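> Fold the following.
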Amino acid sequence: MYGNQIQHNKHDNVTVPDIGTVSLRLQNGVIANLSNTCILPSGMVDVGLKFYTDEGMLDWQGDKLEIDQEGIKTMYKDTDNPYVRENEAFIHAVRTGDTSKIRSDYSDAYQTHKVTYAALESAKSGVPVNLKK
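The predicted structure follows:
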């Protein structure tokens, strides 16, 4: 589901949804939920992934990974900026033709595109879209 709640009232000609959530059932039965928004005030950022398992939780937030297993918390900090590393790998590939530092190839990008397009179609129609591999 996507929605236009804020931005279209603040700015003319806004047609892109400013809030959204997508629920997925993966081939192995795992359920995933992805949510996004662009309504937060300037400077407020919350980017991350949370994984819930029968052994605990993993919480990744760009510069850190926190693992919580039955009350034992372990945190790993990353001092490198992942966006800088991503851009460096891309620029290196363009300059040299060496794509070994890129962690996602065109096939991955195409699969992401198919899922994203299915989510858009589902949001427009109001019914789930089934993707077969």
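> Low-confidence regions, the protein specifically.
Counting by pLDDT under 70, the ranges of the chain that qualify are 133.
> That one: helices as residue ranges?
Assigned by DSSP state H, the helices in the chain fall at 7-10, 82-96, 106-125.
> State the distance from the residue most central in space within the chain to residue 79.
Taking CA atoms, centre = their mean, the centroid of the chain lies closest to residue 34, which sits 6.7 Å from it. When distance is defined by CB to CB, to the nearest Å, residue 34 is 27 Å away from residue 79. C-beta coordinates here come from the backbone N, C-alpha and C atoms, glycine included.
> One more: residue 112?
Residue 112 is 28 Å from residue 79, by CB to CB.
> Of the two, give the one with the bigger neighbour count.
Neighbour tally, residue 112 and residue 79, criterion other CB atoms under 10 Å: the higher count belongs to residue 112, 11 against 5.
> count of residues packed around residue 119?
19.
> can you give me the strands in this structure?
2-3, 19-25, 31-37, 49-53, 56-60, 64-69, 72-77 (DSSP state E).
> how much distance is there from the first one to the middle of the chain?
This means strand 2-3. Taking CA atoms, centre = their mean, to the nearest Å, one finds the center of strand 2-3 at 16 Å from the center of the full chain.
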